[in-house]
Every structure is written in structure tokens, then in C-alpha cells.
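Colleague: sequence? don't have it. structure:
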């Protein structure tokens, strides 16, 4: 086993996943914002709302194409870079991915063409239905992807088959209604709605600063402010639900993102700042808010949040217990009718994955020394400083968005853009500069989720270092460089197309004779 191959395989998947997820949240949010805008057009019959919807639909289309192109690559990587992962859990992990393709992707792919080219061929209600189906398909895609990812975080509804030596589905409904998957889905799509709202708000603010297409910009700004405020509030609420889910299913991830080395008396406080030291296994200069972590994680004043040292001790015990399961599996490979081995396996099977952690340090876990068992137990601790700071940036931005959208909503809906000119212009400038922030928060969220799961590819079941394909370092560097070049070119194309569409603005050409000399259709005055 070459750890360089493992780390490079992880790096390649991380690069492609993070790049793909630049497009997904904007697609999720813009799709439903288009439904809102077109619904207003259908209800009021005002042509200005048709112009609004078609303009943002154009930007949605550019983003949608790049999202599809980069998403396909990721699924192939499970076969090329993570072949043992695919072999070991493919029966379970592949099911939601297949359903995503058949149910969700085909749904949105069927209707997306009608959405773009059916404006003058469908009735108003018919086209609104098409737009809604595109939005539904986009969000259903996210659901099934997150069911798969949620199972990686909390592998319920599955069992190890000693005859095939693979994981298999035992209860698909448990996989589907996995509490971790549910929490991840609602939190992720809400974050996508925030992302799209900031995007629409920022571009609308730019138009207002330039004095261009102000009728479209004001309406778009108002919709984005209202949708964004509701979404940002839900992100924080649902993020709290995700924290509660960690208490039952991923205690080590929770302890690591809080840099909580030792179990505290209940209820535990939450650290605002601090400086975790991996070498000393201590966090220095902590500033904490009392009780908050305990309330979030346990929903009580008496529930205890376990610290890293206690969880490592539990992992050590599970490794020792898992060695019995590993020994039973090796005996069953020789004789499937060995009833003593089967009984031994049934008693210890929940800890088989922990015994596999020893393969990083010794070829046969049954020959592991106590020192190697302790090493394997400490390997269950993810990168604490990364977890600690990534979480705080993500959470800080989440609370910032609530205040940001609250003021935007106040300015657009209550004051009707009638706030003092200096305040108005400063906020509009801030809205333009804020456009990248939701992507930072979202990417940090994925880093938190995936780094926090290490050293597991499947939590408690399959270590990451056993999941990769037998590749060489040269092969991996070749593909990493290739993906970086191709994705870099795609990024340039995406940005240039987006900027060109934004500069052109919400131009409609339904009535060429009425077009103004500069090529833009006139927008009704306020």
C-alpha cells in the first residue's frame, strides 16, 4: 500500500468534487427562483416579469451545462480511482446514484429544452409547469446524491455478507430515510438557495449602481432578498439539526470541529476562537460560550458531549473487538460451514471495520501489537485545526447572510429603495463584493463533511486507504494535471459567458420594431 497513491486519489476527487460543486448550488437555487419569478408573471400578466425570468434563465442555462459536464466525471472516478470501494459497497452506493440518473436527471433533461425554447410555443401555465419540473428534477438529483453521501457518513440498512465478502443492502428504506442524509439534504439545498440569492442580489445591485435595467434589477433584488432571508434562516436552523445528528452518528467529527480534546461536564460550551495543537493534543487561548454546544448536540442541559481522548479509547476497544470479527471472516473464507466462526463473527461484526484500520500498520490485524492498536485508534481523529477553522468560517458566514438579507429585505420591501443615498450605495457595493462568499461557505461545508469523515471512506466500515484502485503516482499526477487544465479552461469559458450575458443585460426581442437604438428592448418605467 502506497499512501502517496491514496492521498493523490483523495486530492483528485476533492478537486473534481469542489469544482463540480461550484455549479450545483447555483443551479439548485436559481431553478426555484425562476419558478417564483415566472409565477408572478403568470399571475400578473406583466411582461416585465417575463423579461426578468428569461434573463435569469439564461444564466441558469450556462451554469446548468457546466454542472452536468463536471458531474459526469465524478461518477466515473468511482470505477477508475476507487475500484475497491465500488466492489465493496457498490450494491448499496450505486442504487441511489442509479435512481438519481433515472428519476431526477432524466426529468430535468427532458424539460430543460422545453424551458428554454418553449416560451412562444407553450401556454403561460404550461411553461410554468415545465420550469417547475426542471427545478424539481434539479433538487431531486441533490436528494439522491446526498442519500448516497449520507450513507457513507452513516451506513445504515446494510450488512456484510461473509459469502461474497461485500456489503449489501438489508433495508433500503433505512438507507433512504437515513437521518444523516435527510439533515444533509435540507441543509445543502438551503445553502444553494442562499448562494443563488446572493448571486441575483449582487448582479441586481451592480445594475442599480450603473443605472441600467433598473426595473428588472429592482424586482430581481426584491425577490432575492425575500428568498435569501428565508433560506439563510433555514440554513442556520438546519445546520443546528446537522449538529444534533452528529451526536448520535459521528461523535469524533463533532469533537474534532470543536477541538474538544477532553470530555467536559454537561452542558459543554462552544468555542468561538482557539488554537488547536495536534502535537500537544490541546487547544490554547479558547474563548467559549457556555452551554451552547451541549444544547445543540444533545438538546438538553444534562447530555454529555464526548471528547477526543475518550473517543480514541472507545476506538481502541472497538479495534480489539473487531480483530475477533476479522479472524472469523478469515476462517469463513476457508470454510463457510464453520459454525463457531460464524457465531464469533455475528458477535463482533459491528467492529469489523475498526480491525481493518490496522492494515495500515500491519499486514494481518491479528498480529497487531498494542502500540499498533493505539496508532490505529488515534488515526480515527481527523485534522483538528482544519476542522476547527473551516467550521467557524462557514458558521460565521451563515450568520452574516441572515443580517445581510434582513437589511436587503428592509431596503427593498419596506423602504422601497428609499433609504439614504449614501447607505444605499454602500450596501449595493457590498452586495456586489459579497457574491463569492456563499461559495466559500459551501465549499468549506463540504471540506468539513469529508475531512471530518476521515480515515473512513464508509464511516466505521471501510477505511479510505483500502478503498482506492491500484494506480501509480505518475498516473494520478497525469490525471490531476489534465483535470486542472481542462477545468481551468471550462472555468474561463463559464466566467466569460456569464459576464457577457450580464453585460448584455435582460434584453428581450419579442418586438424588434420597438427596440431602442442601443439594441435593448425598452423597459417599462417604474
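Modeller: Arrived safely, thanks for sending. It should be emphasised that the depicted structure is a prediction, and the values quoted were computed from it without experimental measurement.
Colleague: For residue 397, which residues are in contact?
Modeller: Contact partners of residue 397, counting by Cβ atoms under 8 Å, 6 or more residues apart in numbering, are 437, 438, 440, 441. For glycine as for every other residue, the C-beta is placed from the backbone atoms N, C-alpha and C.
Colleague: 10 Å instead?
Modeller: Neighbouring residues of residue 397 by Cβ atoms under 10 Å, 6 or more residues apart in numbering: 194, 232, 235, 404, 434, 437, 438, 440, 441, 442, 444, 445.
Colleague: So for it, what's the pLDDT?
Modeller: As predicted, residue 397 sits at a pLDDT of 94.
Colleague: Now name the helix or strand holding it.
Modeller: In the assignment (DSSP states H and E), residue 397 maps to helix 384-409.
Colleague: Could you give me the buried positions within that helix?
Modeller: 384, 386-392, 394-395, 397-398, 401-402, 404-405, 407-409 (16 or more other Cβ atoms under 10 Å).
Colleague: Same check on stretch 369-381?
Modeller: Under the neighbour-count criterion of 16+ other Cβ under 10 Å, stretch 369-381 has 372, 373, 374, 375, 376, 377, 379, 380, 381 buried.
Colleague: if I look at the fifth one, how far off is residue 317?
Modeller: According to Cβ to Cβ, to the nearest Å, residue 376 and residue 317 sit 12 Å apart.
Colleague: Now do the phi/psi pair for residue 369.
Modeller: phi -80, psi 170 (degrees, to the nearest 10).
Colleague: That one - nearest residue in space that isn't next to it in sequence?
Modeller: Distances taken as Cβ to Cβ, 6 or more residues apart in numbering place residue 362 nearest to residue 369, at 7.8 Å, with adjacent residues excluded.
Colleague: Pull the number of nearby residues for that neighbour.
Modeller: 15 (other Cβ atoms under 10 Å).
Colleague: ok, now the one 3 residues further on?
Modeller: In terms of burial, residue 365 registers 24 neighbours under the definition other Cβ under 10 Å.
Colleague: which ones are touching it?
Modeller: Residue 365 neighbours (Cβ under 10 Å, 6+ apart): 319, 322-323, 325-327, 330, 352, 354-359, 372-373, 376.
Colleague: Kindly give a single PyMOL line that selects the buried subset of those.
Modeller: The PyMOL command for the buried members of the contacts of residue 365 (criterion: 16+ other Cβ under 10 Å) is given here:
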select buried, resi 319+322+323+325+326+327+352+354+355+356+357+358+359+372+373+376
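Colleague: from the contacts of residue 365, which ones fall inside helices?
Modeller: When DSSP state H is applied, the contacts of residue 365 are split such that 319, 322-323, 325-327, 330, 352, 354-356, 372-373, 376 fall in helices.
Colleague: pLDDT averaged over stretch 45-60 - what is it?
Modeller: 94.
Colleague: List the buried residues in that stretch.
Modeller: Buried residues in stretch 45-60, counted by 16+ other Cβ under 10 Å: 48-60.
Colleague: where do the contact lists of residue 376 and residue 317 overlap?
Modeller: residue 354.
Colleague: quick revisit: does the residue nearest to residue 369 sit in a helix, a strand or a coil?
Modeller: Following DSSP: H, G, I helix; E, B strand; the rest coil, we place residue 362 in the coil state.
Colleague: Enumerate every residue touching it.
Modeller: Going by Cβ under 10 Å, 6+ apart, residue 362 touches 368, 369, 372, 373, 375, 376.
Colleague: Let me know the closest of those to residue 227.
Modeller: Nearest to residue 227, judged by Cβ to Cβ, of the contacts of residue 362 is residue 376 at 47.6 Å.
Colleague: Let me see the contact set for the closest one.
Modeller: Residue 376 sits next to 315-316, 319, 322, 354-362, 365, 368, 455, 463 when contact means Cβ under 10 Å, 6+ apart.
Colleague: Apart from its chain neighbours, what residue comes closest to it?
Modeller: Closest residue to residue 376 apart from its sequence neighbours, by Cβ to Cβ, 6+ apart: residue 357 at 4.2 Å.
Colleague: what ranges do the strands span in the stretch 201-350 of the chain?
Modeller: Taking DSSP state E, counting those that start in this stretch, the strands of the stretch 201-350 of the chain run over residues 270-277, 282-289.
Colleague: now residue 160: how far from residue 365?
Modeller: Look at residue 160 and residue 365: by Cβ to Cβ, they are 15 Å apart.
Colleague: oh sorry, the question was meant for residue 215
Modeller: Distance from residue 215 to residue 365, by Cβ to Cβ: 69 Å.
Colleague: Next: residue 346.
Modeller: Here residue 346 is placed at a distance of 19 Å from residue 365 (Cβ to Cβ).
Colleague: One more: residue 4?
Modeller: 23 Å.
Colleague: hang on, the earlier thing: gap between the helix holding residue 397 and the chain center?
Modeller: Relative to the chain's own centre, helix 384-409 is displaced by 15 Å; criterion: Cα atoms, centre = their mean, to the nearest Å.
Colleague: Compute the inter-axis angle for that helix and strand 270-277.
Modeller: Put simply, helix 384-409 runs at 140 degrees to strand 270-277, going by axes from the mean of the first three to the mean of the last three Cα atoms, to 10 degrees.
Colleague: So for the lowest-mean-pLDDT helix or strand in the chain, what gets flagged as buried?
Modeller: Ranked by mean pLDDT, DSSP states H and E, the weakest helix or strand in the chain is helix 292-298, scoring a mean of 81. If you call a residue buried by 16+ other Cβ under 10 Å, then helix 292-298 has these buried ones: 293, 294, 295, 296, 297, 298.
Colleague: what residue ranges in the stretch 401-526 of the chain score low on pLDDT?
Modeller: 508-526 (pLDDT under 70).
Colleague: And the strands in it, which stretches?
Modeller: According to DSSP E, counting those that start in this stretch, the strands that the stretch 401-526 of the chain contains are 456-458, 462-463.
Colleague: who does the shortest one touch, helix- and strand-wise?
Modeller: Spelled out, it's strand 462-463. helix 83-99, helix 352-356, strand 456-458 (3 or more Cβ pairs under 10 Å, 6 or more residues apart in numbering; DSSP states H and E).
Colleague: Could you tell me the least trusted of the ones you listed?
Modeller: helix 83-99 (a mean of 89).
Colleague: Verify the contact between the residue nearest to residue 376 and residue 379 for me.
Modeller: Yes: the criterion here is Cβ atoms under 10 Å, and residue 357 meets it with residue 379 at 6.1 Å.
Colleague: what touches both of those two?
Modeller: 315, 319, 455, 463, 465.
Colleague: okay, these in a markdown table with distance to residue 276 next?
Modeller: Supplementary listing: those in a markdown table, determined by distance: Cβ to Cβ, whole Å:
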| residue | distance to residue 276 |
| --- | --- |
| 315 | 19 |
| 319 | 24 |
| 455 | 18 |
| 463 | 24 |
| 465 | 24 |
